[in-house]
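J.: Show me how the following folds:
(chains A, B, C and D)
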There are 4 protein chains.
Amino acid sequence: MKQSYIKNFEEWEEGFRFSARMRVRFSETDMFGHLNNTVTFAYFEQARIDYLKSLGLMNDWLDPKGERIPVVADLQCDYMKQVFFDESIDVYVKADSIGNSSVDIHYMAKNAEGDVVFTGRGAMVQISKKTGSGVAWTEEEKDLFYERTRN
Amino acid sequence: MKQSYIKNFEEWEEGFRFSARMRVRFSETDMFGHLNNTVTFAYFEQARIDYLKSLGLMNDWLDPKGERIPVVADLQCDYMKQVFFDESIDVYVKADSIGNSSVDIHYMAKNAEGDVVFTGRGAMVQISKKTGSGVAWTEEEKDLFYERTRN
Amino acid sequence: MKQSYIKNFEEWEEGFRFSARMRVRFSETDMFGHLNNTVTFAYFEQARIDYLKSLGLMNDWLDPKGERIPVVADLQCDYMKQVFFDESIDVYVKADSIGNSSVDIHYMAKNAEGDVVFTGRGAMVQISKKTGSGVAWTEEEKDLFYERTRN
Amino acid sequence: MKQSYIKNFEEWEEGFRFSARMRVRFSETDMFGHLNNTVTFAYFEQARIDYLKSLGLMNDWLDPKGERIPVVADLQCDYMKQVFFDESIDVYVKADSIGNSSVDIHYMAKNAEGDVVFTGRGAMVQISKKTGSGVAWTEEEKDLFYERTRN
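T.: Residues are numbered from 1 along each chain as shown, chains lettered A, B, ... in the order given. Sure, this is the predicted structure:
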């Protein structure tokens, strides 16, 4: 693997505990007949939200009266195998490292044959709606990430 | 034309005063090589907003503190000719009839050769954010629609 | 109901035998906080393909060497209730009437509470890739539609 | 700047010769009111195609009878400032380095005030439709990239 965020693939792969299944829609293909390469980021977003919900973290982010909001700082995707219409893709998600108010989230997508079709990562920062600055994770929130990551 | 909302095509076509140009993106094509049929509604939305802005109507709808919001009641599209990657499509928009708190908006899309590639229509209702019920157009707002439609 | 394609809602509703579940993605919402009204057509498309596959009809349409291709002639959607992020929506599909080379497909979408959130319909025509003209359904294909519709 | 692909921002910025303007559509916003972060990749794709067309490189890639096809190997985006509905965004594109059959393309997006709102990069490889392996650029093609990049 050439991805700089994957040092040892076997170790990296073992760290995933959560996945969300996506099915490639007709409207997500393009005239080359493949899953258009902009759609993998929509799959990352959906899988990330499912993962954060499974940790119990999304609740007050979506509350219009909540004070904190998650912001995507960067995103990247490495395409390894073409994906086609109607394929079922499992998108694995994990928190790779946790900062003060940020988290680096990694993604691995596999097709039905178990081939890795694309991988990715991106940092997310929790900010205050009012000030726009980062809001540190509570110890409880950090634990939620660690439990899933290190168990 | 088989569209029930077009009685006389020449008269109907003459009623358009406004158009917005769209260019077909690669990500908007599908594996059949055409503009995917879900995208025409995104073109209608963009052309409708440009039209309403040109009338001076969008301002307080987008204001988070505004009290009124436009809601789409229905939408329809008739596909007449295939559209391909990189084509430039002019989407014409007009208010076909104005109700108390609603407006019936019609669309006609032409390619660079002047062929009608798709047509459509849809009703839009202005509602109150608080109550969810229709908010009547002011006489001034009705005039804005009529000026563009009847001149 | 004001939809012209629904004469008697109870009878119309009873005709559905097939549904496909969609979950509203974050990227499918818009700044008004709702499912953007262009996305319902992507749900229709996905549900229609799942329905046609369940009838055994999609196979040679997706084969690059196949001679026939389905083309959407028109589409419409009536919006009845707002849909929000993360809702699960069941999109029911049926062939409402079958022509020589076309079929009129109807849609009904319900949320988890069983409320009808949007309905729609659209005609689809089977055409020849070479000539572009309609290709009549075989008797066997008509039977596939009728079995599902009339049983 | 924290992006690893930007060593010196002023030098990096000076290398851009080409830009394509995008206008943020309503359907591209999400419930947080921002341009959804999956859409920046659709902007990159559109700007990249416009850039390659301006170099005279797209022609036979889109020809169904052509033998070569461009494939995206990876993509990344760094989000620096929120982008909102109806903003006009200029997406600058350049070939940052050219390999044997690949090219590393860089992107810089600025809003109407001239603020950099997001940056990105991604490698693209030219492959053979038949064999799937890389097809080396001709000297003429390399020159097309260099002219734009180094002048």
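J.: Spatially nearest residue to the residue of chain A most remote from its centre, not counting backbone neighbours?
T.: In chain A, counting by C-alpha atoms, centre = their mean, A:Met31 sits farthest out from the average C-alpha position, at 26.8 Å. Ranked by C-beta to C-beta, 6 or more residues apart in numbering or on different chains and with sequence neighbours excluded, the top spatial neighbour of A:Met31 is B:Thr29, at 4.0 Å. To be clear about C-beta, it is placed using only N, CA and C from the backbone, and glycine gets the same treatment.
J.: A:Tyr51 now?
T.: Per C-beta to C-beta, 6+ apart, closest to A:Tyr51 is A:Val93, 4.0 Å.
J.: burial count for the residue nearest to A:Met31?
T.: By other C-beta atoms under 10 Å in any protein chain shown, 22 other residues sit near B:Thr29.
J.: Isn't it up against A:Asp30?
T.: Yes - counting by C-beta atoms under 8 Å, B:Thr29 touches A:Asp30, with 5.2 Å between them.
J.: sorry, back to before: which residues sit in contact with the residue nearest to A:Tyr51?
T.: By C-beta atoms under 8 Å, 6 or more residues apart in numbering or on different chains, the contact list for A:Val93 reads A:16, A:18-20, A:47-48, A:50-51, A:105-107.
J.: want to throw the residues you listed into TSV with neighbour count and secondary structure?
T.: As requested, these are exported to TSV (neighbours: other C-beta atoms under 10 Å in any protein chain shown; DSSP: H, G, I helix; E, B strand; the rest coil):
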residue	neighbour count	secondary structure
A:Phe16	19	coil
A:Phe18	17	strand
A:Ser19	19	strand
A:Ala20	19	strand
A:Ala47	23	helix
A:Arg48	25	helix
A:Asp50	19	helix
A:Tyr51	24	helix
A:Ile105	23	strand
A:His106	22	strand
A:Tyr107	27	strand
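J.: residues in chain A within reach of chain B, list them.
T.: Neighbours of chain B within chain A, by C-beta under 8 Å from any C-beta of the partner chain: A:26-27, A:29-31, A:33-34, A:36, A:38, A:85.
J.: Let's see that with 6 Å instead.
T.: Residues of chain A lying close to chain B (C-beta under 6 Å from any C-beta of the partner chain) are A:27, A:29-31, A:33, A:36, A:38, A:85.
J.: from those residues, which would you call buried?
T.: Among these, those classed as buried by 16 or more other C-beta atoms under 10 Å in any protein chain shown are A:27, A:29-31, A:36, A:38, A:85.
J.: Out of the residues you listed, the closest to chain C would be?
T.: A:Ser27 (4.8 Å; C-beta to the nearest C-beta).
J.: Tell me the pLDDT of that closest one.
T.: Looking at A:Ser27, its pLDDT reads 95.
J.: Please pull out the lowest mean pLDDT helix or strand from chain A.
T.: helix A:59-62 (a mean of 76; mean pLDDT, DSSP states H and E).
J.: name the helices or strands packed onto that helix?
T.: Of the remaining helices and strands, none touches helix A:59-62 by 3 or more C-beta pairs under 6 Å, 6 or more residues apart in numbering or on different chains; DSSP states H and E.
J.: Pull the residues that contact the next helix or strand after that helix.
T.: Counting by DSSP states H and E, the next helix or strand C-terminal to helix A:59-62 is strand A:68-72. With contact meaning C-beta atoms under 6 Å, 6 or more residues apart in numbering or on different chains, strand A:68-72 is reached by A:61, A:124-127, A:129, A:135, D:37, D:79.
J.: Low-confidence stretches in chain A?
T.: Applying pLDDT under 70 to chain A flags residues A:1, A:59, A:148-151.
J.: what are the ranges of the strands in it?
T.: A:18-23, A:68-72, A:74-79, A:88-98, A:102-110, A:116-128 (DSSP state E).
J.: Contact distance from chain D - what residues of chain A qualify?
T.: A:37-38, A:41-42, A:72, A:74-79.
J.: Closest to D:Ala112 out of these?
T.: A:Val72 (22.6 Å; C-beta to C-beta).
J.: Nearest residue to the middle of chain A?
T.: The structure's chain A has its C-alpha centroid closest to A:Arg48; by C-alpha atoms, centre = their mean the separation is 3.9 Å.
J.: No more questions from me, cheers.
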